[in-house]
Structure formats: structure tokens, C-alpha cells
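A.B. asks: sequence plus predicted model, see below.
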Amino acid sequence: MDASWSPLYTPGMNSGADLLAALRRYWGYESFRPLQENIVLSLLDGHDTCVVMPTGGGKSLCYQLPALLFEKQTAIVVSPLIALMQDQAAQLGQMGIPAAVLNSFLAPKQQAEVMHKASQGEYRLLYLSPERLARADTVEWLRRVPVSHFVIDEAHCISEWGHEFRPDYRQLSSLREHFPDRPIAAFTASATRQVRHDIIEQLRLRDPHRYIASFHRRNLRYLVRQCDNDTQFDLLLKALRRISNGNAIVYAPTILRVEATADLLEGSGIPCVAYHGQMGPAERRQNQERWMSDEVRVLVGTIAFGLGINKAAVRAVIHLSLPKSIEQYYQEAGRAGRDGLSADCILLWQKRDAGLLAYFIEQIIDPAEKARAWTRYDIIRRFVESKRCRHRQICLHFGETPKWNSCAACDVCDGLPEWLADEPVVAAPSRKRSRKRAVTQPKALPAVAAAQPHAPFSAAPPAKTGSPARPAGLGDVTVGVDLELRDYLRECRREWAKERSVPAYVVMHDTSLDELCRARPRSIPELLQVSGFGERKAEMYGQEIFSALERFRQGARATAAPEKKLSPASETIQLLEKGHNFGEIAEIRGRQLSTIVSMVADMVERGIVEFRAEWVEAEKQQKIEAACARLGWEKLQPLKEALPPEVTYHEIRLVVARLRRKKEMDEGSGARVSAAP
């Protein structure tokens, strides 16, 4: 190390006591989680470090705490998501730790200010994207910044063998060349042994300290069920209605499926929000914050959602399609149960998912990349089809050999719960059913369901736990917590977060909120005993918390839930009746045009909505009907290929729906005539 590398912490000092003091003062925690203290000490002593720690293990504290202790120096954190960087910087600011984000979304004046302050050593942590760090001007500027060490978050992205390989991460290999005397730390939640070796090689880590946490998440119950298109949504409803407390994430494979599933859940009485990459940044942020602050407890998203999400009380993560790899599944399912309490990871997959994955793999041009994709495909297929313990399969995949053969916390070892196993899988749909399954979204709501008011989110007791070795069951989440007080404090937390323009979890985590309900502190010293409240946060929110608790004691309660809005189907029908076209309805409802057209077409097919001639020009209707007469209408793609380019999929879908409805009505009339005496 050169003379400029002069940490506030120095080797040999009373490190244990000093680290615990900083942990209590800033984070409000009394002790470290497994491996955290050793990782912190490695970074403080200037060692290159490679850390693999599952989601919820506390990776961010491992590099934030050492950064805090390097006086007038800055840790450079490379992270792939701007929103994640902004949230972490905001959270650090609330704790009294100076941090900033440098990205192109800042105005030029703001960027210049951040760069100037960083060169003066005013930040303990500075977050950059890999794209920003790859720029030559960024490297030149960083030479003037008193850098303590570099942190590469989501480091698996640097490896071609990783499931989320990003070429921009490869450029990080130049860090050793540009900053040879600075330690580099790599962090990831999901890396196989091969990926770990690649991370170390690509970043040119020198004799790194390696910390590999166990991949066994004993509080998670893995439930895998093959189903078909007709049963999948019913199983999803059953799963969500069994959650009495906490939140759920539902992963759908496409944007269309995300929006259609969200609409179906809303229409079935389960308030939810959607999240996908084609939403505007403001809408994504708003939906994520509504879910994070418990305004709605179910979020339906693509895999674009979840990286860095710091939500402790997620009681279920449900996949509606086959993930492309074990790593992806483990990372996404691992967002459940971060509070250490029991949670379910439910995978509802269909045979067609495997076909779709295979199709996309065949589109890959690079032979090596294609071979790696096929390897991942084979492994995930074995995972879902095998009759071996799910937990053990995951551990073995990541290079960990458990000493046990049965976990008692997966469907293989403990069996499927009754609510998930009580309907047999339909082996092969009839020809008449298969034409319905050609539609790329879940079945639409029947007319009755569309008109019904929303039912309560929780309609059943929590599912039983599958293993005596797992932590307390779902029902234990609220032991000692006044639920009315918790609802009231959640509402207060949302208001405090809005006032400060930060996410609700930055104000306090769910676990801290529940502990507040138990402790009901009346003074700052008492508040400092609540986990998650360091000195700065206690000073910032103390008086507001004490006032809120006093108002509750005097009878204040959470405001009544807002009046339930129309179901998605009813709202769409109402907008059609007002004369809005599909594009306008999509904009009003915040949905993709394809989602609206598919919903309307399904309602036409079911007789809920009448087909309107103005939706498709008469000449196009005639061409589509003629193509249907020649080719049938079970699949839309042959029709699209046979028709002129100006005829859209949307128009084909609507006309086909009208023809299907007409045929069904004709067949029904014929049956009634033949049955007449």
C-alpha cells in the first residue's frame, strides 16, 4: 500500500469492540451475522476479497462498514441498477454516512458537484455503474479521488458462465491495471464454483480472502408443481390467499403475462401492482414503493424486478414459468423470508415453458454461449423433474455438499401441501380446449367475477411448515405485535417517507417496525434499543415516533382503506362504452396495448362484450375470415404469415375471437334444437 492509503482503522487496534460500536451507532444492530465481521476485517486490512452470500445475508453492510471507517477516503461501489444505487445512498444518508451516486440522470451541474466532493474525500461511498466506470474520463477523474477500495456488487455479471453476464462488467478487469494498490472486493449472492473462479481471474484478485456462506436457506420451503394453463391461475390464487401476513412476489415470463395476471388478481379480489421494463421509471418506482410500504401486498413482475430489494417480510415468491437457470431461480426465490421466518417458494411450471426456453436458446448465434445456455437448461429441467431433495440439489449445484439427504422442507421430502396437490395435472387438453390455450395470457374473468367486489386478501390460515428444523412458522410473525398499532405505524412510515422522498424501508425495515410495536419506546435511549435504530436515525425520527405512539394511545388508528375500484374487466368495459379506443384505454389503465386487446378479445369470445365493426376495417375482416376458413384459427401465427403485412396481430385476434364466439353460439343453438321434443 502507498502512503495515501491511511485508514481510520489500523491493524492491531481493538477491532472487535470498535466494529461493534460502529455497528450499534450507525446501523442499530447489537451483533454481526455469520461471516460479516471477518469480511469487514479483511477489507479493513486491505485484502482483496471474494464473497458469496445468499440474499438476505447482509452483504451491503460488509462493505459499507469498512468504508465508514476509512477517514477522508471513498469506497467506489460498482452496481448494475441505478434505482438500487439511489436507495442505498439514501439509506446511508439517513444513517449519517455521506454517500452519493454518479450517473447520467443527474444534471451536469449535479454531476460536477458530486465529482468535486468525491475528489475532496467528502463521501465514504460513491456508487457508479459499470458503464460509467468503463469511460476513460471516469478513470482519469478517479485518479484524483482518495479511493479506499473498490466493491464489485453482483459480481457474477462479470462471468460468461454466470446467468446474468453483462459485457460491460468485463471492462472492470482494468481496475487492477489502473489502481494496482487498491483492494478489490467482489460480492454476489449466486455463483457456482466455476463462476467464482472466473470472478477472481477476471478481476485479477491477488490471493483473495474467500468467504462462501452456506446456500442452504433452511427457512424456505421449495414447492415445485407441474400444471397446465387451466389450473395455474387457480393454484396461484390458492397460494396467495393462504398468506395472512407479509408480502408476495409473483414472477411472470413476459410483459403481457405480467399485466394479464395482475388484472386477473385484481378481478379476483387480490389488490396488486405490476412491474416490468416497458413501464416508465416513475411508474415502476411508484409501484415498487406501494408494494414496499405495504399499500398493496402482491407485486407481479418480470425478472426485471427484485435486484437489491430489501424487503424482509416476503412470505411467498411464486414463479409462473420455468426459470432459465438454477442461479436465476435461487436468486429470485431467495427474496422470500429475509427475516429468517418461514416462507414458500412456489414454482408452477408448464411443459410449454421448456419449449419456449429451448426456442430462445436456438436463437443464440455464438456457439459457446449457446452451449452454456443448454447446460443451464438441462440443469433446471433436472431440478424440476427430479425426485431428489430440492434444497440438496441447490447446495450441490453451488459446490456445497450437505451432510443430510432430506430437508423436510420441500415437496420431494415432505410432499406437496394439500392445497397445492388436490387437483391432478391434466395430461392432454382436447382439441377444443387447445385453441383456447393458444392465447398467450391466462384465462379472462367470467362476467360474474368481473362484477364482484374485492374480497379480503387473506381467506385461509397459513400453511403448515414442512420441517421441525425451520424457524417459527408464518403465524409467529406477529407474536407480541398489536396489529392495529402496526397498521397505524405503517401509515405513519409512508407519510414520513413521502415527506423525505425516500422509500419506506429507508425510514425503517419491517422488522424494526414490528419491534417498535412490541417495545413502544418513550425516549431516545429506549428507541436505541430497537434493532435498526442507530443514533442518527433515532435523532431524526424519534420525536415523530413518540408522537405517533402517543396518538395511538389516545385512540388514533389507521385510516379506512380507500373505496375499492372497479375490476380491470369492468373498468375496460366502462371505458369502451365511453367511446375510448384501445390505445386510450391502455394509456388510462397503464397497460400495454397488447394486454388491452387480449382482454377485450377474450371477453368477446366469452360473450361478455360484443364485437364492434369499427375495431377492424371491413376489408381486413374479410381477408382474416377467408384465411381462417383455409387455415383454421387454433394458432394465430400461420394466419399472420398468410395475410398482408398491414393486417396486425391485434386485428387477427379480435376477428378470431368473434368467429370463435359465433361458432360456440351456433353449436349451442344446434344442441338445443336437437334436444327439443
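C.D. replies: Now that the structure is in, tell me what you want to look at.
A.B. asks: and the contacts of the helix or strand hosting residue 595?
C.D. replies: Element membership for residue 595 (DSSP states H and E) is helix 593-605. Applying C-beta atoms under 8 Å, 6 or more residues apart in numbering, the external contacts of helix 593-605 come out as 256, 259-260, 263, 439-441, 443-444, 568-569, 572-573, 576, 582-583, 585-586, 589, 609-611, 650, 653-654, 656-658, 660-661, 664. Placement of C-beta: from N, CA and C, glycine included.
A.B. asks: next helix or strand past it?
C.D. replies: helix 618-631.
A.B. asks: only alpha carbons, please: show that following helix as CSV.
C.D. replies: This file holds the C-alpha atoms of helix 618-631, laid out as CSV (Å, rounded to 0.1, in the frame of the first residue of the first chain):
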residue,chain,number,x,y,z
ALA,A,618,-64.3,-4.3,-43.3
GLU,A,619,-61.8,-5.3,-46.0
LYS,A,620,-59.4,-6.6,-43.4
GLN,A,621,-62.2,-8.5,-41.7
GLN,A,622,-63.0,-10.3,-44.9
LYS,A,623,-59.3,-11.2,-45.5
ILE,A,624,-58.9,-12.6,-42.0
GLU,A,625,-62.1,-14.6,-42.2
ALA,A,626,-61.0,-16.1,-45.5
ALA,A,627,-57.6,-17.0,-44.1
CYS,A,628,-59.4,-18.6,-41.1
ALA,A,629,-61.6,-20.6,-43.5
ARG,A,630,-58.5,-22.0,-45.2
LEU,A,631,-56.2,-22.5,-42.2
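A.B. asks: mean confidence for it?
C.D. replies: Regarding helix 618-631, the rounded mean pLDDT is 94.
A.B. asks: returning to what we had before: buried set for the helix holding residue 595?
C.D. replies: 594-605 (16 or more other C-beta atoms under 10 Å).
A.B. asks: now do the longest helix seen in the chain: which elements does it pack against?
C.D. replies: Assignment by DSSP state H gives helix 649-675 as the longest helix of the chain. Helices and strands touching helix 649-675, by 3 or more C-beta pairs under 8 Å, 6 or more residues apart in numbering; DSSP states H and E, are helix 593-605, helix 618-631, helix 636-642.
A.B. asks: and it, how far out from the chain middle?
C.D. replies: 40 Å (C-alpha atoms, centre = their mean, to the nearest Å).
A.B. asks: OK, contacts around residue 163?
C.D. replies: Residue 163 neighbours (C-beta under 8 Å, 6+ apart): 156, 190, 324-325, 327-328, 331, 376.
A.B. asks: so which of the residues you listed sit within helices?
C.D. replies: Using DSSP H, the contacts of residue 163 in helices are 327-328, 331, 376.
A.B. asks: re earlier: what angle do the helix holding residue 595 and helix 649-675 make?
C.D. replies: 10 degrees (axes from the mean of the first three to the mean of the last three C-alpha atoms, to 10 degrees).
A.B. asks: CA atoms only for helix 593-605 - export them in CSV, please.
C.D. replies: Output of helix 593-605 as CSV, limited to C-alpha atoms (Å, rounded to 0.1, in the frame of the first residue of the first chain):
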residue,chain,number,x,y,z
LEU,A,593,-51.9,-2.2,-25.9
SER,A,594,-51.5,-5.9,-26.3
THR,A,595,-52.9,-6.5,-22.9
ILE,A,596,-56.0,-4.5,-23.6
VAL,A,597,-56.6,-6.1,-26.9
SER,A,598,-56.2,-9.6,-25.5
MET,A,599,-58.5,-8.8,-22.6
VAL,A,600,-61.2,-7.4,-25.0
ALA,A,601,-60.8,-10.4,-27.4
ASP,A,602,-61.2,-12.8,-24.5
MET,A,603,-64.4,-11.0,-23.4
VAL,A,604,-65.7,-11.1,-26.9
GLU,A,605,-65.0,-14.9,-27.1
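A.B. asks: measure the residue nearest to residue 624 when sequence neighbours are not counted to residue 620 for me?
C.D. replies: For residue 624, ignoring the flanking residues on the chain, the nearest one in space by C-beta to C-beta, 6 or more residues apart in numbering is residue 655 at 4.3 Å. Using C-beta to C-beta, to the nearest Å, we find residue 655 at a distance of 8 Å from residue 620.
A.B. asks: so who does residue 223 touch?
C.D. replies: Counted by C-beta under 8 Å, 6+ apart, residue 223 has contacts 344-347, 410-411, 416-417, 420.
A.B. asks: and which of those residues is nearest to residue 60?
C.D. replies: Nearest to residue 60 out of these is residue 345 (C-beta to C-beta; 22.6 Å).
A.B. asks: give me the neighbour count for residue 577.
C.D. replies: 9 (other C-beta atoms under 10 Å).
A.B. asks: and the gap between it and residue 81?
C.D. replies: 41 Å.
A.B. asks: again with residue 182
C.D. replies: Distance from residue 182 to residue 81, by C-beta to C-beta: 24 Å.
A.B. asks: the more surrounded of these two?
C.D. replies: Comparing residue 182 with residue 81 by other C-beta under 10 Å, the one with more neighbours is residue 182, at 21 against 16.
A.B. asks: ok, that one to residue 150 distance?
C.D. replies: From residue 182 over to residue 150 (counting by C-beta to C-beta), the distance is 6 Å.
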